[in-house]
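*Asks:* Take a look and give me a structure for this.
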Amino acid sequence: MKSIALKDVVKNYYLGEVVVPALKSVNLNISSGEFTVIAGPSGSGKTTLLNLVGCVDTATAGIVSVGDEDTAKLSERKLTDLRLHTIGFIFQNFNLISVLNVYDNVEFPLLLRTDISKKERRERTLKFISQVGLEGHMHHRPNELSGGQRQRVAIARALVSSPKIVLADEPTANLDSVTGQKIIDLMKEINEKEKTTFLFSTHDEKIISHARRVIRILDGQIVTEQ
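*Replies:* This next block holds a predicted model:
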């Protein structure tokens, strides 16, 4: 079953009258349960591609489908539902809520879910804080954490709601090699046990070496796939 599909996707940005093409007629199918990397240099279009799949941005042309739904045809309510129940997004710039501590940041996606009890919410939040090694920092706010610690909070927050799809934009960029390896191992375990689809953008050769599929992108176009 297709988890993600892009058909003839174009994304342009506009700087005054100048058109800056970020993606050029990209076609891509990701099946459920894949552990796939989009690899390429900075500015190649990796983050743009993830933003379109994550419904953070919209395509200029073409079709972006998530779980067989054309995202451009979804109402705001259905888009919110998709982000809430289906997609977990690890942003490169963390996107943590500055006034909330670690526990509250990780718990936050679960507060929007009416199908999860208070007890389960607490259990899940503590479990993922522990899995990223931040038990001793639960009451710290983002400005009291290092970049690597903030990255781990963002990872725990993305995984806590057990999404069907996890989009990870350079998830190990701010982590030391030991912590980075632990995070990769955690994601692989979730992928294998829960059949969660993982789509990464990365320069990190460690993640690339663990991927079952590597798609290389350059200047907004897919150039190789292995």
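*Asks:* I'd say Thr179 and Ile155 touch.
*Replies:* No: counting by C-beta atoms under 8 Å, Thr179 sits too far from Ile155 to count as a contact (10.2 Å). All C-beta spots, glycine's among them, are computed from the backbone N, C-alpha and C.
*Asks:* between those two, which one's more packed in?
*Replies:* Using other C-beta atoms under 10 Å, the more surrounded residue of Thr179 and Ile155 is Ile155, with 26 against 17.
*Asks:* doesn't the more buried one fall inside a helix?
*Replies:* Yes: Ile155 sits within a helix when classified using DSSP: H, G, I helix; E, B strand; the rest coil.
*Asks:* OK, contacts around it?
*Replies:* Residues counted as contacts of Ile155 (C-beta atoms under 8 Å, 6 or more residues apart in numbering) are 90, 132, 168, 171, 183.
*Asks:* which phi and psi does Leu52 have?
*Replies:* Dihedral pair for Leu52: phi -70, psi -40, per degrees, to the nearest 10.
*Asks:* which ones are touching the residue nearest the centre of the chain?
*Replies:* The chain has Leu167 as the residue nearest its centroid, 2.2 Å off, counting by C-alpha atoms, centre = their mean. Neighbouring residues of Leu167 by C-beta under 8 Å, 6+ apart: 50, 53-54, 87-90, 199.
*Asks:* Mark which of the residues you listed are part of helices, please.
*Replies:* Judged by DSSP state H, the contacts of Leu167 include 50, 53 as members of helices.
*Asks:* Among the contacts of Leu167, which pair sits farthest apart?
*Replies:* Greatest spatial distance among these (C-beta to C-beta): Val53 and Ile90, at 12.8 Å.
*Asks:* ok, of the contacts of Ile155, which one's closest to Thr125?
*Replies:* Among the contacts of Ile155, and counting by C-beta to C-beta, the member closest to Thr125 is Val132, at 11.5 Å.
*Asks:* and the residue nearest to Pro41 when sequence neighbours are not counted, how many neighbours?
*Replies:* Spatial nearest neighbour of Pro41, chain neighbours left out: Leu218 (7.2 Å); criterion: C-beta to C-beta, 6 or more residues apart in numbering. Applying the criterion other C-beta under 10 Å, we find 14 residues in the vicinity of Leu218.
*Asks:* Return the set of residues that bridge with Leu218.
*Replies:* Gln221 (DSSP bridges).
*Asks:* Distance-wise, check it relative to Thr224.
*Replies:* Computed as C-beta to C-beta, to the nearest Å, the Leu218 to Thr224 distance reads 9 Å.
*Asks:* Ok, Lys2 next?
*Replies:* The gap separating Lys2 from Thr224 is 21 Å, by C-beta to C-beta.
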